[in-house]
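**Q** Please work out how this folds:
(one chain, ligands or ions: 1)
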Amino acid sequence: MTDSVCPQCGGQIVPSKSGGSFVLTCTKCPWSVATTDYDRPGFDTSNYQVYIATTGEGPSAKAAAQLAVQLGINAREALEVLKEKRPLSETFSAVEVIRAMESLTPLGFLVSTVPSFPWSVEDEA
Ligand SMILES: [Zn+2]
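**A** Residues are numbered from 1 along each chain as shown. Next comes the predicted model:
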């Protein structure tokens, strides 16, 4: 799901749910951590490349302007992201991806990420 590594030995960490807690366990050493707070995208330290597309007809200047406002980027970059199907220049954390999805999806944008996004926006509600 993520490429988290153990802070003690650098081994791979496997997340699992235990009751209401989220437990991260190292596959190589006894390190583990359990928390009720980490079962959420805020724990995800991955950086995502974010791609944005428009639904329906091709990207318009209006769509680019909307995107620019929502993401706080300049309109030229917004238009390039839409037209050239390139990722945003900034990578996003999981929380930022969700924020972008929540603000952009209702406006008719499709938000996708590389690597693919493991969290669903609904889970966070
Ligand atoms: Zn370890």
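**Q** Give me the residues contacting stretch 102-114.
**A** Here stretch 102-114 makes contact (C-beta atoms under 8 Å, 6 or more residues apart in numbering) with 48-56, 63, 66-67, 70-71, 87, 92, 97, 100-101, 121. Glycine gets a C-beta too; all of them are placed from N, C-alpha and C.
**Q** One more: stretch 84-101?
**A** 41-42, 44-53, 70-71, 73, 77, 80-81, 111, 113-114, 117, 119, 121, 124.
**Q** need the helices for this structure, in chain order.
**A** 61-71, 75-84, 94-104, 121-124 (DSSP state H).
**Q** Select, out of those helices, the one closest to Thr27.
**A** For Thr27, the closest of the helices of the chain is helix 94-104, at 22.2 Å, according to C-beta to C-beta.
**Q** Just want the angle from the closest one to helix 61-71.
**A** 140 degrees (axes from the mean of the first three to the mean of the last three C-alpha atoms, to 10 degrees).
**Q** would you turn the helices of the chain into a markdown table with mean pLDDT?
**A** A markdown table is the format used below for the helices of the chain (pLDDT from 0 to 100):
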| stretch | mean pLDDT |
| --- | --- |
| helix 61-71 | 94 |
| helix 75-84 | 94 |
| helix 94-104 | 89 |
| helix 121-124 | 55 |
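**Q** Deepest in the core, which of those is it.
**A** With neighbours taken as mean count of other C-beta atoms under 10 Å, the helices of the chain reach their highest mean count in helix 94-104, at a mean of 19.
**Q** send the alpha carbons of that helix over as PDB?
**A** Only the C-alpha atoms of helix 94-104 are listed here, as PDB (Å, rounded to 0.1, in the frame of the first residue of the first chain):
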ATOM      1  CA  ALA A  94      -2.400  12.000   0.600                       C
ATOM      2  CA  VAL A  95      -4.200  14.600   2.600                       C
ATOM      3  CA  GLU A  96      -3.600  17.200  -0.100                       C
ATOM      4  CA  VAL A  97      -4.800  14.700  -2.800                       C
ATOM      5  CA  ILE A  98      -8.100  14.200  -0.900                       C
ATOM      6  CA  ARG A  99      -8.500  18.000  -0.500                       C
ATOM      7  CA  ALA A 100      -8.000  18.400  -4.200                       C
ATOM      8  CA  MET A 101     -10.500  15.600  -5.000                       C
ATOM      9  CA  GLU A 102     -13.100  17.100  -2.600                       C
ATOM     10  CA  SER A 103     -12.800  20.500  -4.200                       C
ATOM     11  CA  LEU A 104     -12.300  19.500  -7.800                       C
END
